[in-house]
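mind looking at a prediction? Sequence and model below.
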Amino acid sequence: MSATLCFLPDGMVKGLYTEVINLQALGQLKVERATSIEFDHTWQVWRVFDPEGQMLYCSPSRKVCLEWEQKHLTWVLKQS
């Protein structure tokens with residue numbers, strides 16, 4: 001697994017939290033989820049939602065949803 005961090009002009013750092021890099025060694029963290037992953041009991045799948053509630057992806061496997069989130073959000077981060 002790799003980690004991507006984007007350092008902003010104001011000193012803030014954006015990135016996907018993983019334990020590949022010990023970010024706590026840099027100082028106090030403010031961690032916010034970029035998506036939510038919830039189980040749909042009716043369809044028996046895990047669904048990934050953006051902050052506005054739009055479904056972005058689904059899979060019967062939560063692990064696959066987490067992997068999709070990591071890949072997709074890393075790409076989005078690199079574009080900003």
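That came in fine, so what should we check first?

where along the chain do the strands fall?
In the chain, the segments counted as strands under DSSP state E are 5-7, 13-15, 36-40, 45-49, 55-59.

out of those, deepest packed?
Relative to the other members of the strands of the chain, strand 45-49 carries the highest mean neighbour count by mean count of other C-beta atoms under 10 Å, namely a mean of 18. In this view, the C-beta of every residue, glycine as well, is placed from N, C-alpha and C.

can you list contacts of that one?
35-40, 55-62, 64-65, 68-69 (C-beta atoms under 8 Å, 6 or more residues apart in numbering).

any chance of the strands of the chain in TSV, with distance to L26 and mean pLDDT too?
Rendered in TSV, the data for the strands of the chain read as follows (distance: least, C-beta to C-beta, whole Å; pLDDT from 0 to 100):
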stretch	distance to L26	mean pLDDT
strand 5-7	10	81
strand 13-15	8	81
strand 36-40	26	97
strand 45-49	28	97
strand 55-59	29	97
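
dump those strands to TSV, plus distance to L29.
As requested, these are exported to TSV (distance: least, C-beta to C-beta, whole Å):
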stretch	distance to L29
strand 5-7	12
strand 13-15	10
strand 36-40	19
strand 45-49	23
strand 55-59	25
